[in-house]
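Undergrad: take a look and give me a structure for this.
(2 chains)
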Amino acid sequence: MDSKLRILIVDDERIVRESFKHWFANAGHAVGAAASADEALVRLASEVYDLLFVDIKMPGKSGLELLEQVRQEFPEASVVIITAYGSIESAVQAMKMGASDYLLKPFKPEQLNLVLEKIIQQRRLSEQYRYLKGTLEQITRFDDIIGRSAPMQKIFSLIPEVAASDASVLLIGETGTGKELVAKAIHAKSRRAHYPFVPINCGAMSESLLESELFGHQKGAFTGAQQARKGFLEVVAGGTLFLDEVGEVSSKMQVDLLRVLQDKKVMRLGSRQAVTVDFRLISATSRDLAHQIAEGAFREDFFYRINVIQIDIPPLRRRKEDIPLLVAHFLEKLGHETTRKVDRISSGALEALAAYDWPGNVRELENAVERAVVLAKSRTLGQADFAFLQASPAGRAADATLKEVEEAHIRKVLADSDGNVTRAARVLGINRVTLHKKIHRLGL
Amino acid sequence: MRLKTARKVGIRVLPMGEQTRLAAKVIAAHVEGFMRLECRVLDPMPPPDFALDPQRLQYDAGRIVEHLEAHCCDECVKVVGVLGVDLFVPVFSHVFGEARLGGGAALVSLYRLERTEEGRRSAPELALERAAKVALHELGHLFSLTHCSDPGCLMHFSGDLAGLDATRLLFCRYCRDFLPAFAARGQAVEAGLV
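TA: Below is the predicted model:
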């Protein structure tokens, strides 16, 4: 931590503010000044201060009242109370209320220096604590899936139950909903937690590469195979294999994997020697596998093998009540990872986030918060910081026909209403019978 | 078209009270050596009565700095006032010196530098060395140097005499490297060359 602080002087006497300002500027600290408690609160809402020097006696809101509010709303800021001789009781009260120190006016210059050194030391220790805590949280963030909405609570209660068994799990959810986080949480709570968690994105690899990665190969099995190599099915040894985008796996690979799941044995490419493997399979897809089975693009027997337990992860637009919690989580996470001090969001900005559809789900929200934090001019994210979200994909469909727009909108409202036609009709402003007719006509 | 302004040259030390002339000369010699700028001692002027606080019986350093910046900085780059009276700023019980970051005038008070912590008179050579240290420290602020974390450096903050005596009469290598650059730039700016 830098030993230079951002200091706010709160005193109604200009001459006191000025002399403090000059002294702190000479010491290399960044200094701001406020003539009243209310002005200080306005400044605190827009700028980050490490330390406040607050005069106890001020017209309007007193220094103690300001201290109380700062402790509640800006707990990261340290407060030093300045008081005159004779008001020592107030100073004691201030210390009880959480002030870091107090100074009796006028004080010796070295006293101020000692107070500053003490505060810098305290802040250094608390920064170290926060850093270590953040690092520890990152290590144990397997089960750090955020959400207090009903569908997420259901998933939370399901995870320990699923983790206790060894059955294959299929996670279904749109891109960016946090399928891998759920998979990691299941792994972390299972008896396999001390073994590897190996994620593979099946959609990112060609069939031959995926085969080589999963099964491994013997030396000389194909051109370029200069060394024998274990596949992930062997490497995972005792752990959990996470196949993301399993809907992209080719029919041939589905057959090969089905055999592995049945026999628990693999043969490296170019080898006739079967090796026994032990792993738990978790798969994930954003595709409609039932539809793919109907079209013959996905094997039914493989589907039933990987889908012993199915968990549906809702898209963010279906759990918008989680947005404030998620934003707070991302702000805290970014606070650990970056030097930017943006730790608040206005209610207007939260409303703007709730109004957006989030086609990229939680990942898109995280990216949006990160972008806003990087470009933010104050410590509080406002509606203007999320102006880039106005260009939603739905709004871009300028060449769509009226019928297409109508169909998309009815589909969305129905989805938001959990398929409840009465509720959807109320939202759409039409009666239930008319909506039923439209659903029938549009084939929804 | 660039307007020609009067060229400001060097640093001036202003004794404020007859008894401060010797200290002013010592300070000027140190400033010339450390800052590599021409430094002259001005004719003495009486201590500024307008800055006396009748309740504290001390002189308000901020008001004197403002006065010097308004009246004495026309012909020189920086001015250092040397006083025999006790100085204060509103929040502090006393100050050895005063200067504002990047300002035009600095002050040195001999009042506490000529005494021991117990109140007895210090050896004159020790008091003069302290005065030179405080003057160079305050001038450092005028050239935009902030406090230094090196306890041996002249720019390290010393709130008491023990701390001041422990400071060497040297700028650390970082402050020293910065100082001529600031001084040269400050001079060039003031001379209208930049």
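Undergrad: only C-alpha atoms for contact and neighbour calcs from this point on.
TA: OK.
Undergrad: got a pLDDT number for the residue most central in space within chain B?
TA: In chain B, the centroid-proximal residue (CA atoms, centre = their mean) is B:Ala135; its distance is 3.5 Å. Per-residue confidence (pLDDT) for B:Ala135: 96.
Undergrad: which other helices and strands does the helix or strand it falls within contact?
TA: For B:Ala135, the host element (DSSP states H and E) is helix B:124-142. Contacts defined by 3 or more CA pairs under 8 Å, 6 or more residues apart in numbering or on different chains; DSSP states H and E place helix B:124-142 against helix B:21-35, strand B:78-83, strand B:97-99, strand B:105-109, helix B:161-166.
Undergrad: what about the fourth one, near chain A?
TA: It refers to strand B:105-109. No. Contact of strand B:105-109 with chain A (CA under 8 Å from any CA of the partner chain) is absent, the minimum separation being 12.4 Å.
Undergrad: nearest spatial neighbour of the residue nearest to the centre of chain B, skipping sequence neighbours?
TA: Leaving aside its sequence neighbours, B:Ala135 sits nearest to B:Val108 (CA to CA, 6 or more residues apart in numbering or on different chains; 6.0 Å).
Undergrad: what do you get for B:Leu52?
TA: That would be B:Tyr59: by CA to CA, 6+ apart, it lies 4.4 Å from B:Leu52.
Undergrad: present the helices and strands packed on helix B:124-142 as CSV; the columns should include mean pLDDT and mean neighbour count.
TA: As requested, the helices and strands packed on helix B:124-142 are exported to CSV (pLDDT from 0 to 100; neighbours: other CA atoms under 10 Å in any protein chain shown):
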stretch, mean pLDDT, mean neighbour count
helix B:21-35, 92, 20
strand B:78-83, 94, 28
strand B:97-99, 94, 26
strand B:105-109, 95, 30
helix B:161-166, 91, 16
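Undergrad: circling back to that earlier point, and the residue nearest to B:Leu52, that's in a strand?
TA: Yes. Assessed by DSSP: H, G, I helix; E, B strand; the rest coil, B:Tyr59 belongs to a strand.
Undergrad: surely it is in contact with B:Leu83?
TA: No. The pair B:Tyr59 / B:Leu83 is not scored as a contact, 9.8 Å apart, by CA atoms under 8 Å.
Undergrad: before we move on, the earlier item: isn't the residue nearest to the centre of chain B right up against B:Ile27?
TA: Yes. Counting by CA under 8 Å, B:Ala135 does reach B:Ile27; the two are 6.7 Å apart.
Undergrad: okay, now the residue nearest to B:Leu52: neighbour count?
TA: For B:Tyr59, the count of nearby residues is 24 (other CA atoms under 10 Å in any protein chain shown).
Undergrad: B:Leu136 is in contact with the residue nearest to B:Ala135, correct?
TA: No. Counting by CA under 8 Å, B:Leu136 is not a contact partner of B:Val108; they are 9.7 Å apart.
Undergrad: can you list the residues of chain B near chain A?
TA: So far as CA under 8 Å from any CA goes, chain B lies against chain A at B:62, B:89-95, B:100-101, B:141, B:145-148, B:157-160.
Undergrad: quick check: the gap between A:Pro315 and A:Leu353.
TA: Noted for A:Pro315: a distance of 14 Å to A:Leu353, by CA to CA, to the nearest Å.
Undergrad: no, scratch that, I was asking about B:Ala28
TA: 65 Å.
Undergrad: how about A:Leu8?
TA: With CA to CA as the criterion, A:Leu8 and A:Leu353 are 32 Å apart.
Undergrad: out of those two, which sits in the more crowded spot?
TA: Applying other CA under 10 Å to A:Leu8 and A:Leu353 shows that A:Leu8 carries more neighbours, namely 26 against 22.
Undergrad: state the phi and psi torsions of the more buried one.
TA: phi -120, psi 120 (degrees, to the nearest 10).
Undergrad: break chain A down into its domains, please.
TA: Annotated domains of chain A cover A:6-138, A:143-312, A:316-395, A:397-442 [automatic domain parsing].
Undergrad: nearest to B:Arg120, of those?
TA: Of all the domains of chain A, it is domain A:6-138 that lies closest to B:Arg120, at 19.6 Å by CA to CA.
Undergrad: so does the closest one get close to chain B?
TA: Yes. Residues of domain A:6-138 are located near chain B by CA under 8 Å from any CA, namely A:15-16, A:19-20, A:22-23, A:25-28, A:105-110, A:113.
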